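Participant: mind looking at a prediction? Sequence and model below.
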Amino acid sequence: MTSKWLTSCGLAALAATAWCVPARATVLTFNDEYYLKAGAAYSSVFAGATGNASSNGVYQETATGSPPTITRLSTSGVPGEYIQNTSNELLLFGWSQSLNYGQQVANVYNLTNPTNGSVLYLQYKVGGSTTPFNFNSIDLHSNGNLQFTLEGLDASSKVLDSAVVNVTGNVTNTYATDTFNWAGVTTVEIVSTAGLPVNWGSGVLYIDNVRINDPIATMEPASLLLLVTGLLGIVAVRRNA
């Protein structure tokens, strides 16, 4: 009885290995980024930091420590965010934020209208190299009603996933979370649709809390065969019990 139960459990565990998922979920909030004036002390916004801003720009605490490491991301716009204590980063293209000196970034908005595509997108890089990632969800807000197509592309710009997104405008800065769970995309791009105005006008699109690399269950042919074999083994064990 005991040996058969162990065999059954062992086969079930083997079958479970066929269900493969990537790890290390991350939410990019832009909360550890600030716009600093040239000469401003890092310690004015980053606790325990030493040194001063070399020029006007967006700075982030990219590594914790004593003192923490502060990195200038850009002199204008918001190019993305590093995952602290790694060389991994979410890169933003076509996004910005209007900031006063010493102000936290917190969220970003579209700097350009995606009327022709390839101008408003994001990518993930590891050690400076563009890397496929899981695009799980994103918080969206606008002060005007917007509709656009969101596309997930691979390294050859082939569309792997797409969705038409509607954002209902509001003036209360209320964000709504849109979940996609796209696996292994290289670029997430906003492109125009029939419902997208040529000029967004006052309909500015804000994004925040970009969630990436949450596990997404995927099944490959070899893994599927392994799963079926494991399940058949479990059935055989139970018949002999």
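Facilitator: Happy to help now that I have it. Please read these numbers as outputs of a predicted model, since none were measured by experiment. Numbers count the residues shown, from 1 in each chain.
Participant: who's in contact with the residue nearest to the spatial centre of the chain?
Facilitator: Centre of the chain computed as the mean C-alpha position; nearest residue by CA atoms, centre = their mean is residue 212, 3.7 Å away. Residues counted as contacts of residue 212 (CB atoms under 8 Å, 6 or more residues apart in numbering) are 25, 26, 27, 28, 90, 124, 133, 134, 135, 136. C-betas here are computed from N, CA, C, even on glycine.
Participant: what's the first helix or strand after the helix or strand of the chain with the lowest mean pLDDT?
Facilitator: Across the helices and strands of the chain, mean pLDDT, DSSP states H and E gives its lowest value to helix 2-16, namely a mean of 34. Proceeding N to C from helix 2-16, the next assigned helix or strand is strand 26-28, under DSSP states H and E.
Participant: list only buried entries from the contacts of residue 212.
Facilitator: 26, 28, 90, 124, 133, 134, 135, 136 (16 or more other CB atoms under 10 Å).
Participant: next, count neighbours for the nearest residue to residue 110 once chain neighbours are set aside.
Facilitator: If the residues on either side of it in the chain are set aside, residue 110 comes closest to residue 205, at 4.7 Å by CB to CB, 6 or more residues apart in numbering. Neighbourhood size, residue 205 [other CB atoms under 10 Å]: 22.
Participant: shaky segments in the chain?
Facilitator: Per-residue confidence of the chain (counting by pLDDT under 70) places the weak regions at 1-24, 115-118, 193-203, 218-241.
Participant: one more pass at 80, please.
Facilitator: Along the chain, the model assigns pLDDT under 80 to residues 1-25, 76, 111-118, 192-203, 217-241.
Participant: can you show me the helices along it?
Facilitator: Listed from the start of the chain, the chain has helices (DSSP state H) covering 2-16, 221-240.
Participant: quickly note the distance from the closest residue to residue 36 other than its chain neighbours to residue 38.
Facilitator: Among residues not flanking residue 36 along the chain, residue 53 sits closest, at 4.1 Å (CB to CB, 6+ apart). Here the distance between residue 53 and residue 38 works out to 6 Å (CB to CB, to the nearest Å).
Participant: which one's more surrounded, those two?
Facilitator: When neighbours are counted by other CB under 10 Å, residue 53 comes out ahead of the other of residue 53 and residue 38, with 21 against 12.
Participant: what backbone torsions are found at that one?
Facilitator: Torsion angles at residue 53 (phi, psi; degrees, to the nearest 10) stand at phi -70, psi 130.
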